[in-house]
Every structure is written in structure tokens, then in C-alpha cells.
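>>> need coordinates for the below:
(2 chains)
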Amino acid sequence: MSCNRIESRILPYVDGRLKLSEQRKVEAHLAACPGCRVRVNEFRAVAGLLDELPQIQPSGAFDARVRARVAAEPARRSWWAWFAPSPRVAFAASMLLVATIWIGSRPAGDATDPNSGVDEAQIANDLPVLENFDVLSNFEPLTDLPQPVQDDGSNQQDSNQKM
Amino acid sequence: MARSDVQLMLDVKAGDEQSFALLLHRYRSPLVNFLYRMVRQREQAEDLAQEVFIRVYRARAEYVPSAKFTTWLFRIATNLALNSLRDNRNQRMEISLDAPVNADAEDGDERPLDVADKHPDIEQHLVEEARRKMIRQAIEKLPEKQRAAVLLHKYQELDYNEIAKILECSESALKSLLFRAYETLRVELAPLVAQARS
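Now for the predicted structure:
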């Protein structure tokens, strides 16, 4: 095993985390390589120095602060909570229900009357006349004019016969 | 028999708040120490540790024990610490390039409260304090990812595989990272290493 290949194994060796077979290979290399032997010993010394740093203790209020933040967290919504309607959804659903009932309760003839289509077409054709009639009937100057002579159908018929 | 971390977390998922309190008790000290050594400010370390616990709590509903609990926990902590260091660095650059930085501002955190009781010999105490300061500074000088690797390896005693998952790298890349970190420490702490070997 070369010095380069042993580099990645030095720390696991110092930690005692190598497999037995690998450990033996490293030891065989160390027995023959003074440079790597020095490095292993120095890594051990570094690990020992790192142990000298003392631990700190979390402050007394640490737990209380975490608990307070946990308590302030919104309650968890369960999977079933998705089925519980919010006010907006409930309002929209009820409006949809009312609209459905209203449409469903309309007389069936309105929609299925075969003549209804014809009537609507006739109304569409007569619309300009109806609009003129509406304008004229509400045209104030016309109300001041003398009322036309009432003409029944018989007079018209007589004149036709004379002609 | 003590419940495992995974079992406690599954109990938290099922709505058992007491299990969360047990996890908090079990990991508050390791987390605060890890974060303190990462960011070097006690108050900030505690804030970050709180944030770790809150994130664990928030994620309880989606928790799936696909990895060790500690891997997940320290992954959150490491990411928070690295982001915090990045933010602090940017903030420092924005505030002033000329402002003096007091590197030892937080050194008092680790000082024993009653020096006289533990160290009758004040000179000995000063020597020990100087050693600790040198070790702390050597760790601080490491690049952030190397520092996280050393802290997780040395103080949390996590497996290489676990640390690799936390730092999102391969196990061989982690071993290389740790080797470079220990090499740097070996050079930085050369006087102390020589003392230790003599």
C-alpha cells in the first residue's frame, strides 16, 4: 500500500474504525514508512487536543423558548380536515346547490316546447318594429296631436267593394 | 428501555408531544455545542438550535424513518449554520470593511465560572486557557465544510457514512475532506502537537 493510498485510511485507523483486514494493511505500511508513522502519531495528538475544548450548556431558558415556539405553531390539519369545508367553500357549495335546485324546478315545457324556438325567431324578426313602437308610444309631442278617427274593419271593407 | 430516536419521532408524528420533549432533552446540548462551534456566538447558536427543533416539529407529519434521526437532525443544523455564516459574512461586508473584529468576543463562554476552585494555580489556568484559545482558533480557520466535518466526526462521533449524508458528499470525499482538515490542524497546532508527543 502506497503513502497516497493510506492517506484516506489514516483517520479511520486512528479512530479504530477500520476493518481488521484494512487495519493490518495500514499497520504493515506504517512499519515500513516512518513518514506515515509520524503523521499517524500527530493525528492522534490533534484528536487529543480537540478533546480539551469544554462543552457549553444551553441556557436555562432554552427549553422554555422551544416549547413556547412549539405551542405557537398552528395546529396540524389532519388528512380528514381536507373534507371539512371552509366558510367560503361552504357558501359557494350552498349557492351552487340553490342554483341547481332552481334550474331543476323550472317547468320542463319551457325548455322542451317545440314552438318556443319559433316564437323567439318571430320576436327577433319583429324587434325593429317593436322598438319603433316603443319609441313612438313614449314620444311626448305625439300625445299633443288630435286622436285619429276610429276606423273599424267594415269601413275599409266598403271602400274596397266600391273600388 | 429507552425508546429509539426514530420511535420517538414516530410518536411525535402520531401526536405525542411528550416524545418531542424527550427528543429536545436528548439533543439540545449536542446541537447547541455543534452550532456554537460552527458560528462561535452562543446566542446565535441557541437561536439556530431552536430553529432546528421547530423545523423537526413542523416536519413531523411527513417524517419517514428512511435514515437515522441524527443524520436528519444534523443535516438541518449544518445547513442552518452554513447559511447563517454566509449571511453574517455578507452582513459584515455591508456594515464596514474597517470595523475592528473582536475574535475573542465569545471566549468567555467556555471559561469556568469559578477559576479559584478549579485552578488554584492561576498560571496553570492561563496556560490551559491559551491552549484552548489556540485550538478554537485553529478550528475556526478551517473552511466551513471541513469544520462541520471535524465537529461531526470528533464531537458527535457520527459514522463516516452518516457525516457524508449530512454534508451531501460521498464517503470517500468525506474521508479526503477530513484528512485535509486534520492536516491543517496538525500544522496550525504544531507547537501543541510537539508538546503532546514529547
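>>> for the rest of this, base every contact and every neighbour count on C-alpha atoms.
OK.
>>> against which helices or strands is the helix or strand hosting B:Lys175 packed?
Assigning secondary structure by DSSP states H and E places B:Lys175 in helix B:171-188. If contacts are counted by 3 or more CA pairs under 8 Å, 6 or more residues apart in numbering or on different chains; DSSP states H and E, helix B:171-188 sits against helix A:3-15, helix A:34-50, helix B:122-141, helix B:144-154, helix B:160-166.
>>> can I get the ones you listed in JSON lines with mean neighbour count?
Converted to JSON lines, those look like this (neighbours: other CA atoms under 10 Å in any protein chain shown):
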{"stretch": "helix A:3-15", "mean neighbour count": "17"}
{"stretch": "helix A:34-50", "mean neighbour count": "18"}
{"stretch": "helix B:122-141", "mean neighbour count": "16"}
{"stretch": "helix B:144-154", "mean neighbour count": "20"}
{"stretch": "helix B:160-166", "mean neighbour count": "20"}
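>>> save the ones you listed as TSV, and put in distance to A:Leu97 and mean pLDDT too.
Below are those laid out as TSV (distance: least, CA to CA, whole Å; pLDDT from 0 to 100):
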stretch	distance to A:Leu97	mean pLDDT
helix A:3-15	71	89
helix A:34-50	72	94
helix B:122-141	67	92
helix B:144-154	60	96
helix B:160-166	54	95
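>>> reformat those helices into TSV and put distance to B:Arg55 next to each item.
Below are these laid out as TSV (distance: least, CA to CA, whole Å):
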stretch	distance to B:Arg55
helix A:3-15	32
helix A:34-50	30
helix B:122-141	27
helix B:144-154	20
helix B:160-166	16
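>>> nearest to B:Arg60, out of these?
helix B:160-166 (19.0 Å; CA to CA).
>>> contacts for that closest one, please.
B:71-72, B:74-75, B:78, B:149, B:152-153, B:170-171, B:173-175 (CA atoms under 8 Å, 6 or more residues apart in numbering or on different chains).
>>> run the last query once more with 6 Å
Helix B:160-166 has contacts (CA atoms under 6 Å, 6 or more residues apart in numbering or on different chains) with B:Thr71, B:Arg75, B:Ser170, B:Glu171, B:Leu174.
>>> how about the nearest residue to the last one, chain neighbours excluded?
Think B:Leu174. Spatial nearest neighbour of B:Leu174, excluding adjacent residues (CA to CA, 6 or more residues apart in numbering or on different chains): B:Ala164 at 5.7 Å.
>>> what about that neighbour, distance to B:Phe74?
B:Ala164 is 11 Å from B:Phe74, where distance means CA to CA, to the nearest Å.
>>> could you do B:Leu23 as well?
Taken as CA to CA, the span from B:Leu23 to B:Phe74 is 13 Å.
>>> looking at those two, which one has more neighbours?
Looking at B:Leu23 and B:Phe74 with other CA atoms under 10 Å in any protein chain shown, you find the greater number of neighbours at B:Phe74, namely 24 against 17.
>>> for that one, give me phi and psi.
Main-chain dihedrals, B:Phe74, degrees, to the nearest 10: phi -80, psi -20.
>>> okay, now the closest residue to A:Asn41 other than its chain neighbours: neighbour count?
If the residues on either side of it in the chain are set aside, A:Asn41 comes closest to B:Arg197, at 7.7 Å by CA to CA, 6+ apart. B:Arg197: 11 surrounding residues under other CA under 10 Å.
>>> same deal with A:Asn138?
That count, for A:Asn138 with other CA under 10 Å as the rule, works out to 11.
>>> same deal with A:Pro141?
Using other CA under 10 Å, A:Pro141 is surrounded by 8 other residues.
>>> hang on, the earlier thing: now do the helix holding B:Lys175 and helix B:122-141, the angle between them.
Between helix B:171-188 and helix B:122-141, the angle formed by their directions is 140 degrees, by axes from the mean of the first three to the mean of the last three CA atoms, to 10 degrees.
>>> for the following helix or strand past helix B:171-188, name the packing helices and strands.
Following helix B:171-188 in sequence order, the next helix or strand is helix B:190-197 (DSSP H and E). Helices and strands touching helix B:190-197, by 3 or more CA pairs under 6 Å, 6 or more residues apart in numbering or on different chains; DSSP states H and E: there are none.
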